[in-house]
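Peer 1: could you look at this predicted model? Sequence included:
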Amino acid sequence: MGTVWTVSLSGVNPIRKRTLQCAIQRLLDDDNNQLSTWRNDSVVSRFNKYRGTKPQPITQEIADIVTQALSVGHKMNGAMDITIGALVNLWGFGPKTLLIHIPTALEINAARALTGAHHLHLINISNQFYLYKDLPEISIDLSSVGEGFATDHLARFMEQEGIDNYLVSVGGAVRTHGQKSRGRAWKVGIQKPTDLENSVQAVIALNGCAISTAGTYRNYYEINGKRFPHLINPATGWPTQNTLVSVSVIASTALEADCWDSGLLILDIDKAKKLAQKYQKAVYLISQNGNQFTTWISPQFSTVIKSSAVKS
């Protein structure tokens, strides 16, 4: 997935840790083989290359991701959209091309015509899942939510192995359970949204929940002094251009948190606040004006932090 993974365990001996590391790598390799658009033979790549409307078999894992993404996308009026593969490639953030020049309006409109979550349909027949598109050229991109799914997969694996105290993360998605050594809470830092320094904006204690952070400050192109981040606004076809530079979301699963942080970051600060309030989401927003950063914390986020502090 083009990122790093981390697993921290408490109360597990070094010999077992080495065995677990091999199993974890196999698990994540399998996730990559399903979700990655950078692999021509992945489940997602095969679906994207298919130019027809016949339902295509998919795994339950991808069905779970699509279900969650479509649900969150609907609540966000399309800001979260996994069908923007054509736009991702056009702007040079996919596996096909690098961005050499700013796309023309004609190119952007042509790519936008190949997007839209309403073209995607999920079918379940006796727990065999199928996905079909009524627009044959449409392609899906799960890179914005894959980290959350893989983090949840790691958490399930820890539970299957009988491990009660862990912190697992893939990219910007983190999930914890139990406690660190000596009864201490697992703590997670929210990165200061700048590539000029490596510092922490805030540190929170997590107890048995997940957090995911999306930002515009790491993955971007810069052309003629203008920055184009990797998150594309489906409504305009352009990379998001607003003062919101980082979104962190706490949820029961990393996949849910990952869906929400990616979508909210597309919006401007006022719309992001309204959506967080409407759906009572635990959200931490960071906006930037010049060299100044301003934070906004939803009541639900504050409640989780206070609850975690009491437990720790």
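Peer 2: Looks like it came in fine. Residues are numbered from 1 along each chain as shown.
Peer 1: show me the helices in the stretch 51-200 of the chain, by range?
Peer 2: For the stretch 51-200 of the chain, the helices defined by DSSP state H, counting those that start in this stretch cover 60-75, 85-90, 105-112, 143-160.
Peer 1: among the ones you listed, which is nearest Ile125?
Peer 2: Ile125 sits nearest to helix 60-75 of all the helices of the stretch 51-200 of the chain, at 11.5 Å, using CB to CB. Using the backbone N, CA and C atoms, a C-beta is placed for each residue, glycine as well.
Peer 1: quick check: buried residues in that closest one?
Peer 2: Glu61, Ile62, Ala63, Ile65, Val66, Gln68, Ala69, Leu70, Val72, Gly73, Lys75 (16 or more other CB atoms under 10 Å).
Peer 1: ok now the helix ranked longest in the chain, how far from the chain's centre?
Peer 2: Ranked by residue count, the top helix of the chain under DSSP state H comes out as helix 14-35. The gap between the average C-alpha position of helix 14-35 and the chain average comes to 20 Å, counting by CA atoms, centre = their mean, to the nearest Å.
Peer 1: go on, stretch 131-149?
Peer 2: Chain-centre distance of stretch 131-149: 13 Å, with CA atoms, centre = their mean.
Peer 1: again with stretch 213-231
Peer 2: Remark: stretch 213-231 is offset 16 Å from the chain centroid, using CA atoms, centre = their mean.
Peer 1: mind listing what's buried in it?
Peer 2: Taking 16+ other CB under 10 Å as the criterion, stretch 213-231 shows Thr213, Ala214, Gly215, Thr216, Tyr217, Tyr220, Tyr221, Phe228, Pro229, His230, Leu231 as buried.
Peer 1: surely the fifth one meets Thr194?
Peer 2: Translated: Tyr217. Yes: using CB atoms under 8 Å, Tyr217 is in contact with Thr194, at 5.6 Å.
Peer 1: list the helices and strands the helix or strand just after the longest helix of the chain packs on?
Peer 2: Downstream of helix 14-35, the next assigned helix or strand under DSSP states H and E is helix 43-49. In terms of contacts (3 or more CB pairs under 8 Å, 6 or more residues apart in numbering; DSSP states H and E), helix 43-49 is packed against helix 14-35, strand 56-58.
Peer 1: name the helices or strands packed onto the first one?
Peer 2: Judged by 3+ CB pairs under 8 Å, 6+ apart, the packing partners of helix 14-35 are strand 5-9, helix 43-49, helix 60-75, helix 143-160.
Peer 1: show me where the stretch 151-300 of the chain has strands.
Peer 2: 166-170, 173-177, 186-191, 200-206, 210-215, 220-223, 226-229, 244-251, 282-289, 292-297 (DSSP state E, counting those that start in this stretch).
Peer 1: right, so of these, which gets closest to Trp5?
Peer 2: Nearest to Trp5, of all the strands of the stretch 151-300 of the chain, is strand 166-170, at 4.8 Å by CB to CB.
Peer 1: gap between the closest one and the chain center?
Peer 2: Offset of strand 166-170 from its chain centre (CA atoms, centre = their mean): 15 Å.
Peer 1: one more: stretch 77-87?
Peer 2: Offset of stretch 77-87 from its chain centre (CA atoms, centre = their mean): 13 Å.
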